[in-house]
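Visitor: Pasting a predicted model and its sequence here:
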Amino acid sequence: MKTIIITMIIATGFAACSGGTNKKNAQDSTTMTAKVMYTCSMHPEVISDKPGKCPKCGMDLVKKEMMKDMNMDSTKH
């Protein structure tokens, strides 16, 4: 009887530990943020972090949302 109780306690401990690790990994992998940038539709190389006019043609810059993974190194993309 004691063996069964000890086995259950150990199994519960392992389940609790592995559940916490999986939850942390799931949380870490979903750390994404939307970064709003503005660009010219005629000159996509023109990028700004705020709205305004294109310095090349004077057109309004349009919003472009880019997803950025906060956990990944930008050199790995």
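Guide: Alright, I've got the coordinates.

Visitor: what bits of the protein have low per-residue confidence?
Guide: For the chain, applying pLDDT under 70 flags the ranges 1-2, 13-32, 67-77.

Visitor: residue boundaries of the helices in it?
Guide: Secondary structure of the chain (DSSP state H): helices located at 2-29.

Visitor: The nearest residue to Asp60 once chain neighbours are set aside and Met66: what is the separation?
Guide: In this structure, Asp60 finds its nearest non-sequential neighbour in Lys53, 6.4 Å apart by Cβ to Cβ, 6 or more residues apart in numbering. Using the backbone N, CA and C atoms, a C-beta is placed for each residue, glycine as well. Distance of Lys53 to Met66, computed by Cβ to Cβ, to the nearest Å: 21 Å.

Visitor: Look at the two and report which has more neighbours.
Guide: Lys53 (13 against 10; other Cβ atoms under 10 Å).

Visitor: ok, that one to Lys35 distance?
Guide: Distance, Lys53 to Lys35, using Cβ to Cβ: 21 Å.

Visitor: again, but for Ile10
Guide: 46 Å.

Visitor: Over to Lys64?
Guide: Lys64 sits 9 Å away from Lys35, going by Cβ to Cβ.

Visitor: and what of Ala11?
Guide: From Ala11 to Lys35 the distance is 45 Å (Cβ to Cβ).

Visitor: what's the answer for Thr7, then?
Guide: Taken as Cβ to Cβ, the span from Thr7 to Lys35 is 51 Å.

Visitor: go on, Glu65?
Guide: For Glu65, the distance to Lys35 - Cβ to Cβ - is 7 Å.

Visitor: With Thr3 instead?
Guide: 56 Å.

Visitor: Settle it for me: which of those two has more neighbours?
Guide: Lys35 (11 against 7).

Visitor: The more buried one bridge partners, please.
Guide: Met66 (DSSP bridges).

Visitor: does it really touch Met66, like I thought?
Guide: Yes. Between Lys35 and Met66 a contact is recorded at 5.1 Å, counting by Cβ atoms under 8 Å.
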